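**Student:** Have a look at this prediction, sequence included:
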Amino acid sequence: MTETRIITASEDDMKSAVSAAAELLAAGEIVALPAETVYGLGADAFNADAVAKVFAAKERPSFDPLIVHISRKGEMYDLAKVDDSIKDTVEKLASTFWPGPLTLVLPKKDVVPDIVTSGLPTVAIRQSAHPVFRAVCKELGRPIAAPSANRFGRISPTSASAVQKELDGRIPLIVDGGACCEGLESTIISIEPREGKKPLFWLLRAGPVTKEMLQPFGRVEKVKLKPGEQIQAPGQLASHYAPRTPMILLTKPSDFEPEEGKRYGLLSYRGEEDDGYLDLHDWEMVESLSPGNGKLAEAAIRLFFLMRLLDEAGLDAIVVEPVSETGLGVAIMDRLRRAAAK
Ligand code: TXA
Ligand code: MG
């Protein structure tokens, strides 16, 4: 057991937290850091032993590669080989969406240890927009490999207390930077050049950078796995982001068939009567993703927090109302489907 310290990093005073984190990382330790998306569990990306500790603390299988976080755009070229056929596009994407929640999968250079990429010939790279994450990267002077700071297959943490619930006693430090402002993990794409046309973007994981936002730069295609085909991003595993309590994702109110004597909670979108879900049942508990207004950005921020809250309530099942699959709704429904998958 390691004692897990929590240091708060506020906007006007993050120096001591940043230094403590960078010192531990430089010494080959692992540290939980706030990102704009979800909390990450970071290690020096060039230190294979440190990266191994990330896999161990998360109980993450070795076939699931990590995202490498850089402190400035140009650092991407130290880690990845960017072919001339996609260079313009990569530059445009980086200058439009970085720092921010877009991860690019590119052919890797030898400096990136194989453990980071699970032996794949590619590396996933992004620049986080969170001031604490960026400051730690900069102070360390090396890229940080960081998956979400949850145990494998569980709900991603969007607060320091959620990280503590997942990893207490397994890591030396959590930097508390408050609640994450996006609430969902970054969008992940790989890029395929096309002669005389805009490139293809293979969407490996839907996220805060939506299809609509990417379309001006290339054609977005969802990766569909054929039976037996190898998974490219475990974001593609059917069951992921899962609470311990069974989750039932409805398509319409009439799909709900309660069993006698069971205790059900509802994860509603707006929490309004006329949605048809609220008065379906005598719910033990109702939580709303976007109370009143129904805004997808608000729903995204609250999603993992409310999934945790409902999971801790000792219900027999969590019943979930769908959200519309446009813009950010695609990423929200993706997480809900996986959480509901057996
Ligand atoms: O917002 C985020 O992306 C957060 C913060 C901490 O940056 N990180 C995150 O990491 O969500 P993680 O490990 O939970 O998800 C990373 C995903 C995994 O599904 C992994 O398989 C995929 O990225 N990935 C990493 N390297 C890859 C590669 N070379 N090719 C395809 N997918 C890759
Ligand atoms: Mg994750």
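**Tutor:** Cool, the structure landed. In this text the structure is predicted, and so the values were computed from the model without any measurement. Ligands and ions are numbered 1, 2, ... in the order given.
**Student:** Would you mind listing what in this protein touches ligand 1?
**Tutor:** Residues of the chain lying near ligand 1 by Cβ under 6 Å from any ligand atom: 35, 37-38, 40, 64-67, 101, 103, 105, 117, 120, 122-124, 128, 146-148, 185-186, 188, 204, 232-235. Every residue, glycine included, has its C-beta placed from N, CA and C.
**Student:** ok, of those, which come out buried?
**Tutor:** Buried by 16 or more other Cβ atoms under 10 Å: 35, 37-38, 40, 64-67, 101, 103, 105, 117, 122-124, 128, 146-148, 185-186, 188, 204, 232-235, out of the residues of the chain next to ligand 1.
**Student:** Keep only those of these that are in helices.
**Tutor:** T117 (DSSP state H).
**Student:** Give me the neighbour count for F63.
**Tutor:** The tally of other residues near F63 (other Cβ atoms under 10 Å) stands at 11.
**Student:** what do you get for R151?
**Tutor:** R151 has 15 neighbours, counted by other Cβ under 10 Å.
**Student:** what does A341 give?
**Tutor:** Neighbours of A341 under the rule other Cβ under 10 Å: 14.
**Student:** again, but for K92
**Tutor:** The local packing of K92 (other Cβ under 10 Å) involves 13 other residues.
**Student:** got a list of what the spatially closest residue to T158 that is not a sequence neighbour touches?
**Tutor:** Spatial nearest neighbour of T158, excluding adjacent residues (Cβ to Cβ, 6 or more residues apart in numbering): C180 at 4.4 Å. By Cβ atoms under 8 Å, 6 or more residues apart in numbering, the contact set of C180 is 34-39, 130, 158-159, 301.
**Student:** Which one of those is nearest to ligand 1?
**Tutor:** T37 (3.2 Å; Cβ to the nearest ligand atom).
**Student:** List the contacts of the closest one.
**Tutor:** 101, 128, 180, 182-186, 207-208.
**Student:** So which of those are in strands?
**Tutor:** Within those, no residue falls in strands by DSSP state E.
**Student:** In CSV: those residues, plus pLDDT.
**Tutor:** Shown next, in CSV, are the contacts of T37 (pLDDT from 0 to 100):
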residue, pLDDT
P101, 98
S128, 98
C180, 97
E182, 97
G183, 97
L184, 98
E185, 97
S186, 98
G207, 98
P208, 98
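**Student:** Need the pLDDT of the nearest residue to P291 once chain neighbours are set aside.
**Tutor:** Counting by Cβ to Cβ, 6+ apart, P291 lies nearest to G271, which is 5.2 Å off, once chain neighbours are set aside. pLDDT recorded at G271 is 89.
**Student:** any idea whether G271 is helix, strand or coil?
**Tutor:** Here G271 is coil, with the state taken from DSSP: H, G, I helix; E, B strand; the rest coil.
**Student:** So what does it have for phi and psi?
**Tutor:** Dihedral angles phi and psi of G271 (degrees, to the nearest 10) take the values phi 70, psi 30.
**Student:** So it is in contact with S288, correct?
**Tutor:** Yes. With contact defined as Cβ atoms under 8 Å, G271 counts as touching S288 (3.2 Å).
**Student:** For the closest residue to K108 other than its chain neighbours, which residues are in contact?
**Tutor:** Once flanking residues are discounted, K108 sits nearest to V123: 3.8 Å by Cβ to Cβ, 6+ apart. Counting by Cβ under 8 Å, 6+ apart, V123 touches 65, 68, 79-80, 105-109, 112, 116-117.
**Student:** Derive a PyMOL selection command for the buried subset of those.
**Tutor:** To isolate the buried ones among the contacts of V123 in PyMOL, judged by 16+ other Cβ under 10 Å, type:
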select buried, resi 65+68+79+80+105+106+108+112+116+117
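**Student:** What is the nearest of the contacts of V123 to ligand 1?
**Tutor:** Distance to ligand 1, by Cβ to the nearest ligand atom, is smallest for P65 among the contacts of V123, at 3.4 Å.
**Student:** Just confirm that closest one contacts P121, I think it does.
**Tutor:** No. At 10.9 Å, P65 and P121 do not qualify as touching, with contact defined as Cβ under 8 Å.
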